[in-house]
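Q: need a structure here:
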Amino acid sequence: MPYYNKQRKKWHGQIKHEGKKYRRLFDTKQQAKAWEIQKFASLERQSKQPEQIHTISLGDWAIQYLDYSKLKHSKKTYEEKQRAFRSFFQFVDRLMPVDALHKRNVLDHLSAQAQARSGYAANKERKNFVAAWNWAAQYIPGFPAQNPFLVERFSEERSARYVPPEKDFWKVYDQAESEQDRIMLLCFLHLAARRNEIFMLRTEDVDLSEKRVRLYTRKRKDGSRCYDWVPLSSKLHKELSVYMLTVTGEWVFPDPRYGSPYVARQRWLSRLCQKAEVPKFGLHAIRHLSASILIKNKVSAFDVQTILRHKKISTTERYIHRLESVRSAVEVF
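A: Residues are numbered from 1 along each chain as shown. Predicted coordinates for the structure are as follows:
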């Protein structure tokens, strides 16, 4: 039975099998108890079938899939999948044969994630594991086709994304601490750009003569890196024309400390919001603000979709929330 270690503030899962003791630490009693059941069952199967040789374990599956993911997906996606497997193997023995994994093992792990973190986090891990298992079933000979990760999804309580009013954006813009940061913020707004599209912008992607920039993204189903040419507004073209004269390296907005692109600027925008005395918002919220400004100025949903570079109009509609299209309808009341 699990017991609580007050000093380490953890639950000990412990079992004894054929004279040998097995222990592991967990955050919750539920995790520890589920591990005891799973570990004992796994050891029982191994002891009853010593002659059976399994060609692939859960750990082998994870290694092969992550090797594929490293080549196929963005660094952010790859690291997300790494964390999911790391968490999973704290709960399930990585030496377990893949055909021994049961839906109950999966459900117990994801339930613990939903309880400790959130239903959204558990569903995100579920999605990654479903994809990993389906990939293995297609590309690893003899891998089980039935996917044990297809368990029910967990309920999610996700708050609506805060989108700042336009006046708050300009207050933050006025607090920019350098010309580079000021132009970067302007690019986010006028191009409705994603974070890495601006962070990874190269000088060769800025075509001032044609008044356009080339934005690369991996937001496609197959994970491939593709690009779109996006027109420059007159204001952004004017500002970039002056700013580009000061750029000497490969990157349009390099981190001044290293000369390489930014990876993340989590505190930067929060700091500017605090200085401007406005509610905090993130870089992706500026993309939503761009869509809001477009629809407010009667730009068609089709043109908004083109500017945001969405493949599906349904994605665009989530950005604009379809409020303007139904505003006149409520006047019947």
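Q: Okay, Val206 and Lys235: tell me how far apart.
A: Noted for Val206: a distance of 15 Å to Lys235, by CB to CB, to the nearest Å. Every C-beta, even on glycine, is put in place using the N, C-alpha and C of the backbone.
Q: These two: who's more crowded?
A: The residue with more neighbours, out of Val206 and Lys235, is Val206; 19 against 11, by other CB atoms under 10 Å.
Q: Identify the bridge partners of the more buried one.
A: Val206 has the following beta-bridge partners by DSSP bridges: Val213.
Q: part of a strand, is His12?
A: Yes: assigned with DSSP: H, G, I helix; E, B strand; the rest coil, His12 falls within a strand.
Q: so it makes contact with Pro2?
A: Yes: taking CB atoms under 8 Å as the definition, His12 is a contact partner of Pro2 at 6.1 Å.
Q: got any residues that touch both of these two?
A: Taking CB atoms under 8 Å, 6 or more residues apart in numbering as the contact rule, the neighbours common to His12 and Pro2 are Phe26, Ala32.
Q: hang on, isn't Leu185 packed against Gln175?
A: No: the pair Leu185 / Gln175 is not scored as a contact, 9.7 Å apart, by CB under 8 Å.
Q: and the two? which has more neighbours close in?
A: When Leu185 is set against Gln175 and neighbours are counted by other CB under 10 Å, the residue ahead is Leu185, at 22 against 18.
Q: Skipping adjacent residues, who's closest to that one in space?
A: Residue nearest to Leu185 in three dimensions, not counting chain neighbours: Tyr173, with 5.2 Å by CB to CB, 6 or more residues apart in numbering.
Q: Next: Tyr262.
A: On the basis of CB to CB, 6+ apart, the spatially nearest residue to Tyr262 that is not a chain neighbour turns out to be Phe199, at 4.7 Å.
Q: what's around the one you found, how many residues?
A: With neighbours defined by other CB under 10 Å, the count for Phe199 comes to 21.
Q: can you pull the contacts of the residue nearest to Leu185?
A: Taking CB under 8 Å, 6+ apart as the criterion, Tyr173 is in contact with Arg182, Leu185, Leu186.
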